[in-house]
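Here is the input, now give the coordinates:
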Amino acid sequence: MTHTPNSAAPPGTATPTLPAVPPQPTPATPTHTPAAPPPEARRTAFAEGVDRLRRAATTEPGRLRIIGAVLAALVVAFGAVTAWQMTDRAAAADDVLTSSQPLSSDAADIYRSLADANTAASSGFLAGGQETAASRDRYENDIRTAAAKLVNAAANSDPDSPSAETITKLNRLLPEYKGLVERARTYNRQGFPVGGAYLRYANEKMQKEMLPAAEDLYTKENQRLRDDYADATPYPWPAIALGVLALAALAWAMRRNYLRTNRVLNHGLVAATTAATVVLLWLTVGHSLARSGLDDSYDHGVRSLNVLHDARIASLKARGNENLTLVARGAETTKVADETFDAYDYDFGRDMDTLAEGLARAERLADDDSGTKPVTSAVGNMTEWKKRHAAAREQDENGNYQQALDMVIGAKGATGECFDSVDKNLAAALAHEENEFKQAAGDGRDALTGLPAGAAVLAVLGAVGAVLGIGRRLSEYR
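Below you'll find the model as predicted:
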């Protein structure tokens, strides 16, 4: 039997009283407020736009709006790129015709004028007190021409360009050269031999400083001309590619419209396609014609002009050296392969070789009788010049100075007649090739007339047509 304490008290036994235990307060249940969720990051406008575009693409009206926007953007981009590229090419073509080629010719004229002035100065010196008015006028005209061409070149060159430095140098040297020539003439009229020394010094300044500077200017202006050709002639591939892409997109949109509506034509899309087609054809045909004209102006104009300018300069240098051979009377010599030659007569031979090569090239480049005839005549004049020069040198070497002088600067049968004929025929050939250049380059430039503005206008009209064509379809859903 199990005994439970205090379960029953024996009789007569008092039950002990236990102290009361105060009630324990029930602990309050803590209340926890849940934390607010972090705010969602704000989405970018691009992401929201992508969502809207995605939702729009699920409906036909939304798809039509997207197609219309893409078509309009393609057509406008095609017109903008076409206008931009054709503006650059039209400007370069205009520079070829009105700026760089004329300046290149001016640079050649500066060289020619300086070389001819040097030749006229030596001819007048040989004549002594009997210098003719024609010889004096020729010298003065050449100096004035060179000065005027330098002013024009300075006005059309950038102030900090290499050409501007060369022009400044020539403007400084020209008065110095004139002063030396005038001193030579003064002493020569007085019979002082020092006049010859001054003339040789003037010729040295011309040959070693002025003509190289003029040739450098000519080279720089020719490079500028080639750069303009390089800017004007390349095909506008970005514009052509955009045009093809725009037409392909428009053709796809019209086919899609036909398959969904069974309607053959959408007037707005047809108008947009027509505008884009016109621009693309105008672009390709117009630029091809411009390129053809510019290439022709270079092949049958600029190349011939360069060769003829070089030949004319060679003839002028040859004439100057021929005169100085008599002025120096053997005072200047040069040694070649252990053999001594008269310096000026040796240079004369080299100049005549250059002239012969130039005339041969000019004959090959001439493409019609009007261009060939003066060059052929110049070849005949050069051949006779060589014969007369050889006879004059023979007389001079035999001690017949006066007779040699008459055979060089005399009134009849002299080498001066041959030189004048060569120069006259080369001037005629240059005038012919200049006209050929202007005609071809002008045709090339004119082929681009109106293309930049026309492309921009037609592109805007094409974009409007595309939007209206798509809008016509959208109206069917309202």
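
going forward, measure contacts between C-alpha atoms and count neighbours the same way
Noted.

I'd like to know the average pLDDT value across stretch 405-424.
The average pLDDT within stretch 405-424 is 90.

Now do the end-to-end distance for it.
Its start and end residues considered, stretch 405-424 measures 23 Å (Cα to Cα, to the nearest Å).

Name the surrounding residues that touch the helix or strand hosting Met407.
Assigned by DSSP states H and E, Met407 belongs to helix 401-409. Residues external to helix 401-409 that are found in contact with it (Cα atoms under 8 Å, 6 or more residues apart in numbering): 123, 126-127, 323, 326, 388-389, 392-396, 413-416.

try stretch 426-443
With Cα under 8 Å, 6+ apart as the contact definition, stretch 426-443 has outside contacts at 93, 96-97, 290, 293-294, 296-298, 300-302, 304-305, 308-309, 311-312, 370-372, 374-375, 378.

CA atoms of it as CSV?
Extracted C-alpha coordinates of stretch 426-443, given in CSV (Å, rounded to 0.1, in the frame of the first residue of the first chain):
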residue,chain,number,x,y,z
LEU,A,426,53.2,74.8,-125.5
ALA,A,427,51.0,77.7,-124.4
ALA,A,428,48.4,76.7,-127.1
ALA,A,429,48.5,73.1,-125.9
LEU,A,430,48.0,74.2,-122.3
ALA,A,431,45.0,76.4,-123.3
HIS,A,432,43.4,73.4,-125.1
GLU,A,433,43.9,71.1,-122.1
GLU,A,434,42.6,73.7,-119.7
ASN,A,435,39.4,73.9,-121.7
GLU,A,436,39.2,70.1,-121.7
PHE,A,437,39.6,70.1,-117.9
LYS,A,438,37.0,72.8,-117.3
GLN,A,439,34.4,71.0,-119.5
ALA,A,440,34.9,67.6,-117.9
ALA,A,441,35.2,68.9,-114.3
GLY,A,442,32.2,71.2,-114.8
ASP,A,443,30.1,68.2,-116.1
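
re earlier: quick one: which of the contacts of stretch 426-443 sit in helices?
Among the contacts of stretch 426-443, the members falling in helices are 93, 290, 293-294, 296-297, 304-305, 308-309, 311-312, 370-372, 374-375, 378 (criterion: DSSP state H).

Quick one: buried ones out of the residues you listed?
Buried members of the ones in helices among the contacts of stretch 426-443, scored by 16 or more other Cα atoms under 10 Å, are 93, 290, 293-294, 296-297, 304-305, 308-309, 311-312, 371-372, 374-375, 378.

where in the stretch 101-250 of the chain is pLDDT low?
Scanning the stretch 101-250 of the chain with the threshold set as pLDDT under 70 gives 128-131.

Please enumerate the strands of it.
Applying DSSP state E, counting those that start in this stretch to the stretch 101-250 of the chain gives no strands.

That one: helices as residue ranges?
With DSSP state H, counting those that start in this stretch as the criterion, the stretch 101-250 of the chain has helices at 101-127, 133-155, 162-189, 194-205, 211-232, 237-261.

The last one packs against which elements?
Other elements packing on helix 237-261 under the criterion 3 or more Cα pairs under 8 Å, 6 or more residues apart in numbering; DSSP states H and E are helix 60-95, helix 267-297.

rewinding a little: for Val244, state which of the contacts of helix 401-409 is nearest.
Distances from the contacts of helix 401-409 to Val244 were compared by Cα to Cα; the smallest belongs to Gly416, at 64.5 Å.

neighbours around that closest one, how many?
23 (other Cα atoms under 10 Å).

how far away is it from Ala392?
From Gly416 across to Ala392, the span is 12 Å (Cα to Cα).

And Gly444, by the same measure?
51 Å.

Then Ala456 would be within a strand, right?
No: the secondary structure assignment for Ala456 gives helix rather than a strand, going by DSSP: H, G, I helix; E, B strand; the rest coil.
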